[in-house]
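J.: sequence plus the predicted model coming up.
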Amino acid sequence: MTKRPRRTLKTVVFDLDQAMESIAPTAFAQEWDNVGLIAGDPAATIHRVLLCIDLTHAVIDEAIRKRIELVLAYHPPIFRPIGTLRADSTGTDALVFRCVEEGIAIYSTHTALDAAEGGTNDVIALLLGIQQTEPLEWVDQAGSGQHKLVVFVPPEEVEKVADAMFAAGAGHIGDYSRCSYRVCGTGTFLGGKSTSPAVGRKGRLEYVEEVRLEVIVPGQALPGVIQSMIEAHSYEEPAFDIYPLKPKPARGIGRVGALPGAITLSSLARKLKRSTGATCVQTVGPVDRTVTRAVIVVGAAGSLPFRIPLMPSDVIITGEIRHHDALTIQRHDCTAIALGHWASERPVLEPLAKRLQESLSGIALTVSQADADPFHPA
């Protein structure tokens, strides 16, 4: 008896794409961002992955030495459409060109990972000992694929029409079926010369009792449910509306949470400096101020923290703060710690590598050693 050769399971770029989609869904990213697979063949086999914050020539040199097939760069090397890919460019397109030339795929996660549970902001919260957080801003996701179908039906036909829609796939909410909402009201119509109304007469304004019948319908079932509803309905022209539904709010950008205990601004800054390895830490506000709540926005905070009421006991923790934003923080009688843009984001790479390793067996995930903060203390 001839033995069949054992089938070797391989990991491909698409597998990492899907693993990242479960960790930090691309739907969580800001509208202006460019996340996901930036360059590469989804079907290409990968054995080694390198994680970094910034894709630089030094990181690519490291990737080539280590025979890396995919670089997971937190910051996308391409944000906006580009017209050329040139090796001699001084822009980031040269980095992408070089990776393509070397057969190295590029995946970027950026604001999707900022918003995701366990992402960049949550890692900083964990370093601070914060047990529970809320996002500063909920992610406005695309549609859920679900729709609400509303149709107006004579009272005596409600069950018939509802049964037809249920049979076609409507009315499912979780493990519940045949779900609907019904409310009575009055409908009006004036039939034209070519009409044959099921109730009343054409050419006369009619007032009829109707039931507003609402059901939830999956997108793929919508055409069939509408057709079944029309066939079960006695009206010549049934009135109905379709409302696309959005999913429940998910995690969003930034985090707000209570510190495990009151602490001065200077002590908290020193603690974060030690835990993150940041070398260019700056503070805004009185260093002896006692703070009890953290508002965390890694990278550049911009105006995001000012969208919630700030108190004197709050501390904004971010990467970098513009001069005028620092003045705004002072006017709010608040405090802030700026760890440095790169330094505020870098701590997420090790936990991310561990999470990916759980999903992708058989590949080696390494955090780049060449990835470095462009700023240095004087």
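T.: Nice, I can see it.
J.: from the contact counts, what lies against the host helix or strand of residue 317?
T.: Using DSSP states H and E, residue 317 falls within strand 314-320. Strand 314-320 is packed against helix 265-276, strand 290-300, strand 335-338, helix 341-345, with contacts defined by 3 or more C-beta pairs under 8 Å, 6 or more residues apart in numbering; DSSP states H and E. All C-beta spots, glycine's among them, are computed from the backbone N, C-alpha and C.
J.: how does it look with 6 Å?
T.: strand 290-300, strand 335-338, helix 341-345 (3 or more C-beta pairs under 6 Å, 6 or more residues apart in numbering; DSSP states H and E).
J.: which element follows it toward the C-terminus?
T.: helix 323-331.
J.: what residues sit buried inside that next one?
T.: 325, 326, 328, 329 (16 or more other C-beta atoms under 10 Å).
J.: ok, those vs residue 50, which is closest?
T.: residue 325 (33.4 Å; C-beta to C-beta).
J.: and that closest one, how far from residue 36?
T.: From residue 325 over to residue 36 the distance is 30 Å, taken as C-beta to C-beta, to the nearest Å.
J.: one more: residue 165?
T.: 37 Å.
J.: and these two? Which one has more around it.
T.: Comparing residue 165 with residue 36 by other C-beta atoms under 10 Å, the one with more neighbours is residue 165, at 24 against 17.
J.: any low-confidence regions in this protein?
T.: Counting by pLDDT under 70, the chain contains low-confidence ranges at 1-9, 140-144, 249-250.
J.: how is it divided into domains?
T.: As recorded under automatic domain parsing, the domains making up the chain are 13-110+349-367, 120-139+251-344, 146-244.
J.: which of these sits closest to residue 374?
T.: domain 120-139+251-344 (7.0 Å).
J.: okay, how far is it across that closest one, tip to tip?
T.: 8 Å (C-alpha to C-alpha, to the nearest Å).
J.: of the helices and strands packed on strand 314-320, which is nearest residue 138?
T.: Closest among the helices and strands packed on strand 314-320, using C-beta to C-beta: strand 290-300, at 14.5 Å.
J.: quick one: that closest one to chain centroid distance?
T.: 21 Å (C-alpha atoms, centre = their mean, to the nearest Å).
J.: which elements pack onto that strand?
T.: Going by 3+ C-beta pairs under 6 Å, 6+ apart, strand 290-300 lies up against helix 120-127, strand 255-264, strand 314-320, helix 341-345.
J.: what's that strand in contact with?
T.: 120-121, 124-125, 128, 254-259, 262, 264-265, 304-305, 313-320, 341, 344-345 (C-beta atoms under 6 Å, 6 or more residues apart in numbering).
J.: paired strands for it, with orientation please.
T.: According to DSSP bridges, strand 290-300 forms sheet pairs with strand 255-264 (antiparallel), strand 314-320 (parallel).
J.: just so I know, which of these lies nearest residue 97?
T.: Minimum separation from residue 97 across those (C-beta to C-beta) falls at strand 314-320, 28.4 Å.
J.: got the CA positions of the closest one in PDB?
T.: Output of strand 314-320 as PDB, limited to C-alpha atoms (Å, rounded to 0.1, in the frame of the first residue of the first chain):
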ATOM      1  CA  ASP A 314      -6.900  64.900  34.500                       C
ATOM      2  CA  VAL A 315      -3.600  64.200  32.700                       C
ATOM      3  CA  ILE A 316      -3.400  63.800  28.900                       C
ATOM      4  CA  ILE A 317      -0.900  61.200  27.900                       C
ATOM      5  CA  THR A 318       0.200  61.300  24.300                       C
ATOM      6  CA  GLY A 319       3.200  61.300  22.000                       C
ATOM      7  CA  GLU A 320       3.600  64.800  20.900                       C
END
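J.: pull out the buried positions in that strand.
T.: Using 16+ other C-beta under 10 Å as the test for burial, strand 314-320 gives 314, 315, 316, 317, 318, 319, 320.
J.: what angle do that strand and helix 120-127 make?
T.: 130 degrees (axes from the mean of the first three to the mean of the last three C-alpha atoms, to 10 degrees).
J.: ok now strand 314-320, how far from the chain's centre?
T.: Taking mean C-alpha positions (C-alpha atoms, centre = their mean), strand 314-320 and its chain are 22 Å apart.
J.: what would the domains of the chain look like in a markdown table with distance to residue 378?
T.: Below are those laid out as a markdown table (distance: least, C-beta to C-beta, whole Å):
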| stretch | distance to residue 378 |
| --- | --- |
| domain 13-110+349-367 | 22 |
| domain 120-139+251-344 | 9 |
| domain 146-244 | 55 |
